[in-house]
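Undergrad: Next one to model:
(one chain, ligands or ions: 1)
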Amino acid sequence: MNAPLDKPKTHDELELTIDNLAFGGKGVARRAGFVIFVEGAVPGDRVRAVVTHARRSYAEARVKELLNQSPERVEPKCRHFGVCGGCSWQTLSYDAQLRYKQSQVTECLEHIGGIHGFEIDEPLAAEPLWRYRNKVEFSFSPGDNLDLGFHLPGEWRRVVNIQDCLLHSETTNAIRNAVRDFARSTGLAAWEQQSETGFWRHLVLREGINTGEIMVNIVTGPGDFPDAESFAKNLMAAFPGIASLVWSVNDTRASVATGFPFTVLAGRDHIFEEICGLRFKVSPQTFLQTNTLMAERLYRKALEYAGLEGHEFVFDLYSGIGSIALLMAKSCSEILGIEIVEDAVRLARENALANGVTNSRFISGKVRAALKNIELDRQPDLVVLDPPRAGASKKEVQRVIELGAPRIVYVSCNASTLAGNAAQLAEGGYQLIRTGAVDMFPHTPHIEVVSLFERS
Ligand SMILES: C[S@@+](CC[C@H](N)C(=O)[O-])C[C@H]1O[C@@H](n2cnc3c(N)ncnc32)[C@H](O)[C@@H]1O
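TA: Numbers count the residues shown, from 1 in each chain. Next up, the predicted model:
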């Protein structure tokens, strides 16, 4: 029983060998069986690390010195690496990233979900590896400088003043920098959550990767937008790709950037993006997969798993602006989408019309309530689920089980909540047949997974 002796204390410095990556991205080291999660380390590294939090059954630590570097380590590409917490896996070779993502999917399903005996596809590698995001969200920081960028890890007041983020295009980087220059020139301060004063809050940029259309959404606290007309004119002239420039006002304490009333300063209140040959209208309020090119591969995988023959009645739960529903509509007889955000439902209907899809319907509401109230004269043949990161709630999964569809295709952006839902589906008589990771977010620990369940 040497565990009590070896249990580290906060501020201890330890020499550790990293042997794995934890779900969420930290390096894992073991010391006499005691697990230490090490930020900034990758498997194969030998490091000197300082313990930041010592808990009863595990500890957290931060790398102080790299003693011996892993053969899988690569040079970070981004100039903000080390300060910005954004792409914590960029020091790991891409092959290794994919390998760890794949094994984390299996581990989650087996250990959290208690599920075994399923087929796992080779993960779909991302293409391109950089500048792949179609949406980025920045915050203004209170203080003298009016910085604009991503929050420092774990800090809600300070941000990294981003000059060039390699996750999105050069054009949208230049737009962010121009908006920051303008905001600084106004002399107005950033919003202060404590005192509820100040003006500038967030900047959300969206770019249709297949259409070139850009949306700029500037989020402020209450007050007048300074020199709105000339600002809009100058920004539109400098960046002809901007199709929509909107100003949203968040007068709440919540530090979030979407879901608020907005005014169009120039252009339209929406942009278009094309996915799998379909054209989608996207508004500031609605969800769109953030990596367009990999979303196409994700959706095609979901379609393949769905195995539609043409006669099926399909449910698309958490349907957003209808992207999955409209793709599947061509291969089934009828599809019904359910989505909580009303504006997304409105756009899903418009998108159906614009793409000539006549066999889709969309209901606005929460999945749980909508499924409870719905009257069906036909049982669905397939249910597609694509919930947010938190997964579907227990009651939502229960309602899905009660629908009694022979097949379920589950699209997940969080393998651990997928695993919890998969366990409940298994109790409800569904067997996990096949699963496959799609890498939508290279250089980050995030994993997108598509899974096929069949009723046994
Ligand atoms: C991960 S997105 C998927 C959207 C769509 N399938 C796509 O690929 O673009 C999840 C969607 O679920 C919606 N949502 C969140 N909670 C919901 C709930 N309880 N009931 C219905 N929709 C919900 C969100 O507004 C969002 O549009």
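Undergrad: residue ranges with poor pLDDT in this protein?
TA: Within the chain, the set of residues satisfying pLDDT under 70 comprises 1-6.
Undergrad: Find the closest residue to the ligand in it.
TA: Closest approach of the chain to the ligand (CB to the nearest ligand atom) occurs at residue 320, with a separation of 2.8 Å. Placement of C-beta: from N, CA and C, glycine included.
Undergrad: Okay, domains of the chain per the record?
TA: Residue ranges for the domains of the chain, per automatic domain parsing: 3-68, 98-127+291-455, 135-275.
Undergrad: Deepest-packed of these, please.
TA: Mean neighbour count, computed with mean count of other CB atoms under 10 Å, is highest for domain 98-127+291-455 among the domains of the chain, reaching a mean of 20.
Undergrad: on that earlier part again, show the contacting residues for the residue of the chain closest to the ligand.
TA: For residue 320, the set of contacting residues under the criterion of CB atoms under 8 Å, 6 or more residues apart in numbering consists of 286, 287, 288, 339, 341, 344, 348, 386.
Undergrad: do residue 150 as well
TA: Counting by CB under 8 Å, 6+ apart, the residues that residue 150 touches are 84, 85, 86, 138, 139, 159, 160, 162, 165.
Undergrad: switch the cut-off to 6 Å
TA: If you count contacts by CB atoms under 6 Å, 6 or more residues apart in numbering, residue 150 has them with 84, 86, 160.
Undergrad: who in the stretch 301-450 of the chain is up against the ligand?
TA: By the criterion of CB under 6 Å from any ligand atom, the positions of the stretch 301-450 of the chain lying close to the ligand are 318-320, 323-324, 338-341, 344, 366-367, 386-388.
Undergrad: Restricted to helices, list the residues you listed.
TA: 323, 324, 344, 367 (DSSP state H).
Undergrad: Can you list the strands that the strand ranked longest in the chain pairs with?
TA: Identified as the longest strand of the chain according to DSSP state E is strand 58-68. Take DSSP bridges as the rule and strand 58-68 pairs in its sheet with strand 34-39 (parallel), strand 46-54 (antiparallel).
Undergrad: Make CSV from the contacts of residue 320 and add distance to residue 302 to it.
TA: CSV is the format used below for the contacts of residue 320 (distance: CB to CB, whole Å):
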residue, distance to residue 302
286, 19
287, 16
288, 16
339, 16
341, 21
344, 18
348, 17
386, 8
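Undergrad: Not counting stretch 297-306 itself, show me its contacts.
TA: Applying CB under 6 Å, 6+ apart, the set of residues contacting stretch 297-306 from outside is 124, 276, 327, 382, 409, 411, 438, 448, 450, 452.
Undergrad: Surely residue 399 is in contact with residue 371?
TA: Yes. Assessed by CB atoms under 6 Å, residue 399 is found in contact with residue 371 at 4.0 Å.
Undergrad: what's the burial count for the residue nearest to the residue of the chain closest to the ligand when sequence neighbours are not counted?
TA: Leaving aside its sequence neighbours, residue 320 sits nearest to residue 287 (CB to CB, 6 or more residues apart in numbering; 4.6 Å). The number of residues packed around residue 287, counting by other CB atoms under 10 Å, is 18.
Undergrad: cool, and residue 82?
TA: By the other CB under 10 Å criterion, the neighbourhood of residue 82 contains 11 residues.
Undergrad: Quickly note the distance from it to residue 25.
TA: Using CB to CB, to the nearest Å, residue 82 is found at 15 Å from residue 25.
Undergrad: same deal with residue 245?
TA: From residue 245 over to residue 25 (counting by CB to CB), the distance is 35 Å.
Undergrad: How about residue 354?
TA: Summarising the geometry, the distance separating residue 354 from residue 25, computed by CB to CB, is 40 Å.
Undergrad: and what of residue 451?
TA: Per CB to CB, residue 451 is found 22 Å from residue 25.
Undergrad: ok, back up a step: can the domains of the chain go into a markdown table with extra columns for distance to residue 90?
TA: Formatted as a markdown table, the entries for the domains of the chain read as follows, by distance: least, CB to CB, whole Å:
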| stretch | distance to residue 90 |
| --- | --- |
| domain 3-68 | 10 |
| domain 98-127+291-455 | 4 |
| domain 135-275 | 8 |
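Undergrad: and of the ones you listed, who's closest to residue 74?
TA: Each of the domains of the chain was scored for nearness to residue 74 using CB to CB, and the closest is domain 3-68 (9.4 Å).
Undergrad: roughly how far out does that closest one sit from the chain middle?
TA: The gap between where domain 3-68 is centred and where its chain is centred comes out at 27 Å by CA atoms, centre = their mean, to the nearest Å.
Undergrad: Report the secondary structure state of residue 297.
TA: Classification of residue 297 by DSSP: H, G, I helix; E, B strand; the rest coil places it in helix.
Undergrad: Strands of the stretch 251-400 of the chain, residue ranges please.
TA: Secondary structure of the stretch 251-400 of the chain (DSSP state E, counting those that start in this stretch): strands at 262-267, 271-275, 278-282, 313-317, 334-339, 360-364, 382-385.
Undergrad: Ok, the stretch 101-250 of the chain next?
TA: Secondary structure of the stretch 101-250 of the chain (DSSP E, counting those that start in this stretch): strands at 119-120, 135-140, 148-151, 159-161, 200-207, 214-220, 242-249.
Undergrad: Distance to residue 33 added to these, as JSON lines?
TA: Rendered in JSON lines, the data for the strands of the stretch 101-250 of the chain read as follows (distance: least, CB to CB, whole Å):
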{"stretch": "strand 119-120", "distance to residue 33": "29"}
{"stretch": "strand 135-140", "distance to residue 33": "41"}
{"stretch": "strand 148-151", "distance to residue 33": "35"}
{"stretch": "strand 159-161", "distance to residue 33": "37"}
{"stretch": "strand 200-207", "distance to residue 33": "45"}
{"stretch": "strand 214-220", "distance to residue 33": "48"}
{"stretch": "strand 242-249", "distance to residue 33": "51"}
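Undergrad: nearest to residue 76, of these?
TA: Sorting the strands of the stretch 101-250 of the chain by CB to CB, the top spot, which is the nearest, belongs to strand 159-161 at 14.0 Å.
Undergrad: What residues does residue 175 make contact with?
TA: Contacts were defined as CB under 6 Å, 6+ apart; by that measure residue 175 touches residue 239.
Undergrad: one more time with 10 Å, if that's ok
TA: Under the criterion of CB atoms under 10 Å, 6 or more residues apart in numbering, the contact list for residue 175 reads 168-169, 203, 205, 207, 214, 216, 235, 238-239, 241-242, 245.
Undergrad: Nice, that's everything, thank you.
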